[in-house]
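# sharing a model prediction with you, sequence too.
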Amino acid sequence: MIYLYVLAAAIFTIGFAAIFHGLMNTIINGDNEVDAKAIDRLQTKLFIRTAILEAVPILLLLFTFITLEPEPGMSIVLPAALILLFVAVSALRIFQSFRDAKGSLDGEELKKKITAMLFVALPLLGAIPLIAIVFLFIHAG
């Protein structure tokens, strides 16, 4: 039952990396002209898609938190390590997508906007996994 926290973090981190990668592919493919407004629209899409994606992991975290009984002395090393692994792999994928998209852009202003988008995305990536790790510590007593 404790691994439901890992499942919630995995659903979110993998999904978030896929969302970010898809948005960066929009910039790389550049079907139409990429300008500052287009990047702003992509950032709005990032927030909306992230909010939709967060629904299932939040419900899963709450369900597990409510139904799981605290077990003093329970080992949380493996679940926490798995959560951190999912975060690390997703962060690497996000950095790779960012690097590819930044390389395809011309103009310093656009590169600054996409860098700002990355710095907004990274804390979002860590939110649900951080909550899952805190809940792990709470249940470990």
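Alright, I've got the coordinates. These numbers come from a predicted model, not from an experiment.

# hang on, Ala10 packs against Phe86?
Yes. If you go by CB atoms under 8 Å, Ala10 and Phe86 touch, sitting 5.0 Å apart. (Glycine included, C-beta is placed from N, CA and C.)

# quick check: the gap between the residue nearest the centre of the chain and Ala132.
Nearest to the mean C-alpha position of the chain, by CA atoms, centre = their mean, lies Leu125 at 2.8 Å. Distance, Leu125 to Ala132, by CB to CB, to the nearest Å: 13 Å.

# thinking again about what came up before, give me the nearest residue to the residue nearest to the centre of the chain, chain neighbours excluded.
Of all residues not flanking Leu125 in the chain, Phe16 sits nearest, at 5.5 Å (CB to CB, 6 or more residues apart in numbering).

# do the same with Ile58
Excluding the flanking residues, the one nearest Ile58 by CB to CB, 6+ apart is Ile128, at 7.4 Å.

# give me the helices and strands touching the host helix or strand of that neighbour, please.
Following DSSP states H and E, one finds Ile128 within helix 108-139. With contacts taken as 3 or more CB pairs under 8 Å, 6 or more residues apart in numbering; DSSP states H and E, helix 108-139 sits against helix 3-29, helix 36-67, helix 77-103.

# so can I have a markdown table of those showing distance to Ala116 and mean neighbour count?
Below are the helices and strands packed on helix 108-139 laid out as a markdown table (distance: least, CB to CB, whole Å; neighbours: other CB atoms under 10 Å):
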| stretch | distance to Ala116 | mean neighbour count |
| --- | --- | --- |
| helix 3-29 | 14 | 20 |
| helix 36-67 | 8 | 15 |
| helix 77-103 | 11 | 17 |
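
# and for Leu125 and Ala132, which residues touch both?
Common contacts of Leu125 and Ala132 (CB atoms under 8 Å, 6 or more residues apart in numbering): none found.

# over to Leu105. Which of the three states is it?
Under DSSP: H, G, I helix; E, B strand; the rest coil, the three-state class of Leu105 is coil.

# circling back to that earlier point, quick one: pLDDT of the residue nearest to the centre of the chain?
At Leu125, the pLDDT value in this model is 96.

# so who does it touch?
Leu125 neighbours (CB under 8 Å, 6+ apart): Thr13, Phe16, Ala17, Val87, Ser90, Ala91, Ile94.
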